[in-house]
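# Give me coordinates for this.
(one chain, ligands or ions: 1)
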Amino acid sequence: MNRLFDFMLPPEKSTTAGEVDALFHFITEVSLILLLGITAVMLYFAFKYRRKSEDETTPLITHNNTLEITWSVIPLILVLIVFSWGYQGYLAKTNPPDDAYEIRAVATSWLWQFHYQNGHVSTNELHVPANRPVRIIMSSDDVIHSFYVPDYRVKMDVLPNRYTQVWFEATEPGESVLYCAEYCGTAHSDMLADVIVHTQEDFELWLETGDAIDEDLSPAELGEQLVQRQGCMACHSTDGTVLQGPSFLGAFGRDRELTDGTTVTIDENYIRQSLLEPNTQVAAGFQPIMPSYAASLNDRQIDAIIEYLKTLEE
Ligand SMILES: [Cu+2]
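Residues are numbered from 1 along each chain as shown. So this is what the prediction gives:
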């Protein structure tokens, strides 16, 4: 639908986006009409009733019932329309259809992890089928985050210690961006994920094979892809810059001092341990904030990341 303010909005890619936009357009257009109307009448009156001569007097008018009732009742009707329209939309958004496909989402500073019904886990990529309602059951491992996909017109806070949910039905295969919409610390603005919408068959295939697409990459290439996709770059760099965590550049083989005063060599086992149980060996000078990847990386992927880190020599 092409309307006056469409240029302000992202594309409508969910079944409920149109309804949200319709209400948005209604409110914007009514406000615009009122603004223009009131301004025009105001200018006209200012001109018409301007002071024309020195000895002119103003008649005393205390009130006008008809006018006062009109300008109370019309706004009341408008506000009630907006309320009941918005309330219907709110009900539709908070009550997922019974047949919705369920995905569990966990937000951690600063990445998103998604757990599917067959045990598959993806990081910073939310895979969903098109034309099927999807219900996301969300929680946070630390602070408050917020699940926000503008293309779907959905936004919901993600809290520690309790579940919240959001649902949507994507209308066509393609990609959209998921943002964290609650300021959650240093790398908040990097806390993005891709929403990847598949056809129903492709989605089943992706659930079954998942990362099989990675088969023909060399371990180091796969490692590089994983480091990009798994959100490591929110806290680590490959160019020597120290972010929340140490840089990967030249790390392999070097000595690392830990917070308990011991020194270890950054080797295969140390990296593996860092990924599976990051808080058992914390590098000195850093906070223990790295999330565990035990649920989302298998042995092959861990090997690949180790191989990739070996290639980052100074
Ligand atoms: Cu966040």
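
# Give me the neighbour count for Ile77.
By other C-beta atoms under 10 Å, the residues close to Ile77 number 10. All C-beta atoms are positioned from the backbone trio N, CA, C, and that covers glycine.

# what's the answer for the one 5 residues further on, then?
Using other C-beta under 10 Å, Val82 has 14 other residues around it.

# and stretch 240-247, average pLDDT?
Mean pLDDT, stretch 240-247: 92.

# What is the end-to-end distance of it?
End-to-end span of stretch 240-247 (C-alpha to C-alpha, to the nearest Å): 5 Å.

# hmm, who's touching it?
186-187, 234-239, 249-250, 256, 283, 286-287, 289-290, 314 (C-beta atoms under 8 Å, 6 or more residues apart in numbering).

# Local confidence estimate at Glu221?
The model's pLDDT for Glu221 equals 88.

# go on, the one 5 residues further on?
With respect to pLDDT, Leu226 has a value of 87.

# In the helix or strand hosting it, which of the residues would be classed as buried?
Here Leu226 sits within helix 219-229, counting by DSSP states H and E. Neighbour-count burial for helix 219-229, counted by 16 or more other C-beta atoms under 10 Å, picks out 219-220, 222-227, 229.

# Which element is encountered next along the chain beyond that helix?
That would be, after helix 219-229 and using DSSP H and E, strand 255-257.

# partners of that next one in the sheet?
strand 263-265 (antiparallel) (DSSP bridges).

# what's the offset of the strand it pairs with from the middle of its chain?
Centre-to-centre, strand 263-265 and its host chain are 38 Å apart (C-alpha atoms, centre = their mean, to the nearest Å).

# hmm, who's touching that strand?
253-258, 270, 281.

# ok, of those residues, which come out buried?
256, 270, 281.

# Going by distance to the ion, which of the residues you listed wins?
Gln281 (25.9 Å; C-beta to the ion).

# For Val197, see how far away the closest one is.
Counting by C-beta to C-beta, to the nearest Å, the separation of Gln281 from Val197 is 40 Å.

# swap in Glu56?
Glu56 is 70 Å from Val197, by C-beta to C-beta.

# can you check Lys13 too?
With C-beta to C-beta as the criterion, Lys13 and Val197 are 8 Å apart.

# any residues in contact with both of these two?
Joint contacts of Lys13 and Val197 (C-beta under 8 Å, 6+ apart) are 170, 172, 174, 176.

# Can I get the helix holding Leu226 in PDB, CA atoms only?
Presented in PDB, the C-alpha positions along helix 219-229 are these (Å, rounded to 0.1, in the frame of the first residue of the first chain):
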ATOM      1  CA  PRO A 219      39.500 -25.700   9.000                       C
ATOM      2  CA  ALA A 220      41.100 -22.200   9.100                       C
ATOM      3  CA  GLU A 221      38.400 -20.800   6.700                       C
ATOM      4  CA  LEU A 222      35.600 -22.300   8.700                       C
ATOM      5  CA  GLY A 223      37.200 -20.900  11.900                       C
ATOM      6  CA  GLU A 224      37.200 -17.400  10.400                       C
ATOM      7  CA  GLN A 225      33.600 -17.700   9.400                       C
ATOM      8  CA  LEU A 226      32.600 -19.000  12.900                       C
ATOM      9  CA  VAL A 227      34.500 -16.100  14.600                       C
ATOM     10  CA  GLN A 228      32.500 -13.700  12.400                       C
ATOM     11  CA  ARG A 229      29.200 -15.500  12.800                       C
END
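
# Name the single longest helix found in this structure.
Identified as the longest helix of the chain according to DSSP state H is helix 17-48.

# How about that one, which residues are buried there?
17, 19-21, 23, 25.

# Around the ion, pick out the residues from the stretch 51-200 of the chain.
145, 180, 184, 191 (C-beta under 5 Å from the ion).

# Filter those residues down to just the ones in strands.
145, 180 (DSSP state E).

# who wins for neighbours among the residues of the stretch 51-200 of the chain next to the ion?
His145 (31 neighbours).

# ok, the residue lying closest to that one once chain neighbours are set aside - contacts?
Leaving out its chain neighbours, the residue that sits closest to His145 by C-beta to C-beta, 6 or more residues apart in numbering is Ala107, at 3.9 Å. Going by C-beta under 8 Å, 6+ apart, Ala107 touches 113, 138-141, 145, 147, 158, 180, 191.
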